[in-house]
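*Asks:* Take this sequence and fold it.
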Amino acid sequence: MVQMCAVFTVTYIAEVTGTYSKLWTFSMSSDALCGVALSGVPLEEFLFYPLVMNFSLLIYLCICAYLTGRN
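*Replies:* The predicted structure follows:
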């Protein structure tokens, strides 16, 4: 869990930094769902990335609990 949080933190910071420094961009005119951007990053990206990472972690924990309960 600590490793997952570390990876999440590093990749999230790298994504926001890369977008802010224009290493990669989002086309707000063609890709915007709600039209709100924070430092050039669409709001959807800020919400999607943490949800996907946390959902993956929850699935992993559920599988671990299931396998532990089978023994």
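*Asks:* got any ranges where the chain has weak pLDDT?
*Replies:* Scanning the chain for pLDDT under 70 picks out the ranges 1, 25-34, 39-40, 71.
*Asks:* Let me see the ranges of the helices in it.
*Replies:* Taking DSSP state H as the criterion, the chain carries its helices at 2-20, 28-31, 43-70.
*Asks:* would CSV of the ones you listed with mean neighbour count and distance to Ala37 be doable?
*Replies:* C-betas here are computed from N, CA, C, even on glycine. Putting the helices of the chain into CSV (neighbours: other CB atoms under 10 Å; distance: least, CB to CB, whole Å) gives the following:
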stretch, mean neighbour count, distance to Ala37
helix 2-20, 12, 10
helix 28-31, 9, 6
helix 43-70, 12, 7
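*Asks:* Pro42 bridge partners, please.
*Replies:* Listed beta-bridge partners, Pro42: Ala37 (assigned using DSSP bridges).
*Asks:* neighbours around it, how many?
*Replies:* Residues near Pro42, counting by other CB atoms under 10 Å, number 20.
*Asks:* Make sure it is actually in contact with Thr19.
*Replies:* No - under the criterion of CB atoms under 8 Å, Pro42 lies out of contact with Thr19, with a separation of 9.3 Å.
*Asks:* The most centrally placed residue in the chain and Ala65: what is the separation?
*Replies:* Of all residues in the chain, the one closest to the mean position by CA atoms, centre = their mean is Tyr49, 1.9 Å from it. With the distance defined as CB to CB, to the nearest Å, Tyr49 ends up 25 Å from Ala65.
*Asks:* now swap in Gly18 and tell me
*Replies:* 36 Å.
*Asks:* Spatially, what comes nearest to Tyr12 if we skip its sequence neighbours?
*Replies:* When the adjacent residues along the chain are set aside, Tyr12 lies closest to Tyr49, with 6.2 Å between them (CB to CB, 6 or more residues apart in numbering).
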